[in-house]
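J.: sequence below, structure please.
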Amino acid sequence: MQFWITPILTALLITLGQAHASEKEVSKDQVPKAVLEAFEKAYPNAKDVEFEQGMIEGKAVFEVEYKENDREFEVLYDSDGVILQKEESIDVKALPEPVVQSISKAYPNATIEEAEKIMKPDGTVTSYEVEIKSEGKELELVVDSYGKILKTKQD
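T.: Residues are numbered from 1 along each chain as shown. Coordinates of the predicted model:
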């Protein structure tokens, strides 16, 4: 069973990551009521809230970006207000050692600029999204907890 979970999560992450490419910013009144209600109930202290709409497997999804307690968060909802994924900014020093080692090995001259942990709706960390600068390029990596680089995108 464990063997199948990792490929399924990897496929989901890659699919969710692809949603980022087609996202467009939308106003609050363009977001379904179910999404707004779910978000406002779960995060009543959110500040600087922004909304984006994307598509995953032909279905509309909505990403809500916000700040709370000096941290940045993103929550991805389906159009019925069900959470699909959460992201939370973290200090780069909080990245697990296998993640840092993997990045250092793949990009020896890289500087880690920003990091986010990517979580399932229950808060279980599935991977990390890390922005690096390497040889004058800015890259965004998705790395699993074991240090395997799942996705690389140049900004």
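J.: partners of the helix or strand containing Ser127 in the sheet?
T.: Assigned by DSSP states H and E, Ser127 belongs to strand 125-134. Sheet pairing of strand 125-134 (DSSP bridges) gives strand 111-119 (antiparallel), strand 137-144 (antiparallel).
J.: please state the offset of the last one from the chain centre?
T.: To tie it back to what came earlier, the one meant is strand 137-144. Between the centre of strand 137-144 and the centre of its chain there are 12 Å (Cα atoms, centre = their mean, to the nearest Å).
J.: after that strand, heading C-terminal, what element do we hit next?
T.: With DSSP H and E, the next secondary element past strand 137-144 is strand 149-154.
J.: check the nearest residue to Tyr107 once chain neighbours are set aside and give its pLDDT.
T.: For Tyr107, ignoring the flanking residues on the chain, the nearest one in space by Cβ to Cβ, 6 or more residues apart in numbering is Ser134 at 4.4 Å. All C-beta spots, glycine's among them, are computed from the backbone N, C-alpha and C. Ser134 carries a pLDDT value of 91.
J.: and Glu25, by the same measure?
T.: For Glu25, pLDDT reads 94.
J.: might you report the residue contacts of it?
T.: If a contact means Cβ atoms under 8 Å, 6 or more residues apart in numbering, then Glu25 has Glu50, Phe51, Glu52 as its contacts.
J.: hey, where'd the helices end up in the protein?
T.: 2-21, 33-42, 97-106 (DSSP state H).
J.: any idea which of those scores lowest on pLDDT?
T.: helix 2-21 (a mean of 45).
J.: tell me the domain boundaries of this structure?
T.: 1-88, 91-155 (automatic domain parsing).
J.: Lys137 against Gln154, yeah?
T.: Yes: look at Lys137 against Gln154 with Cβ atoms under 8 Å: they come within range, at 6.1 Å.
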